[in-house]
Every structure is written in C-alpha cells, then in structure tokens.
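> Sequence and predicted structure, then a few things I'm wondering about:
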Amino acid sequence: QVQLVESGGGSVHTGGSLRLSCAVSGRAFWTYYMGWFRQAPGKEREFVASIGWNGILKYYGDSVKGRFTVSRDNTKSTQYLQMNSLKPEDTALYYCNGDPWKFILHDRVGTDWGQGIQVTVSS
C-alpha cells in the first residue's frame, strides 16, 4: 500500500522560507508522478506544483511561480517543495499528491494523497 508522508511545515513571517518534503513508500518512486496542492480555510483546493518522474518537466500554479521550486530525489523516494518569499496568502494545508500513470496538473489530480501539513505565514 502506497504511503505519502509530508514533513517540514511550520510557521514563518512574511518573506521567510520553508521546505516541505514528501516521503513515498510502497511504490516504485522513480516512475511516480508527483505534485503539491494546498487548501486554505474556506477556499477551494489549489494546484501548487508538479514534477515528472525524471525531474525535468515541472509546472507551477500562477500564484507561486518564481517563489516556489519543486524537486525530487529518486534515490530517497522523496519530493520537495522549496518555498521562498512566503506571503500570508500562502497559509494553507499543503498536500502531497502522487500518481503512477499521469502527470499531475491543476485539473488532473493524482490518485494518492498525503495527510497534509500546515504552513502558516504571518505578517
């Protein structure tokens, strides 16, 4: 059974940085498409970023372009989200998302989810 476990969340001030990690087990990670979504209270789930199995193709949501960087280490079965220049509007529960067959995009959600991790940015 596949498991996705996020870590690295927390609280920072505006302009700060955090790096989220998503460790995957129970699946051949090197063929697994990965992504990140987030959801703030009272808002719809939002696409943040995604990455192909070889780490070359990457996509970002408009609100995070230029500030966030998605990456992966296939030797560690882990996906990362480096978040810089954080803003209060980045405050949300961040979810790791994975799919064995298709590239994850804003309108193409993967089948597997992590439990979510809180990121809070204060002004």
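That came through, no problem. Numbers count the residues shown, from 1 in each chain.

> State the distance from Leu86 to Trp36.
According to Cβ to Cβ, to the nearest Å, Leu86 and Trp36 sit 14 Å apart. Backbone N, C-alpha and C define where each C-beta goes, glycine included.

> neighbour-wise, which of those two wins?
More neighbours surround Trp36 than the other of Leu86 and Trp36, with 28 against 22 (other Cβ atoms under 10 Å).

> and the residue sitting nearest the centre point of the chain, what does it touch?
By Cα atoms, centre = their mean, the chain has its centre lying nearest to Trp36, at 2.7 Å. Neighbouring residues of Trp36 by Cβ atoms under 8 Å, 6 or more residues apart in numbering: Leu20, Cys22, Val48, Ala49, Ser50, Val70, Gln79, Leu81, Tyr94, Tyr95, Cys96, Asn97.

> Among the residues you listed, which lie within strands?
With strands defined by DSSP state E, the entries of the contacts of Trp36 inside them are Leu20, Cys22, Val48, Ala49, Ser50, Val70, Gln79, Leu81, Tyr94, Tyr95, Cys96, Asn97.
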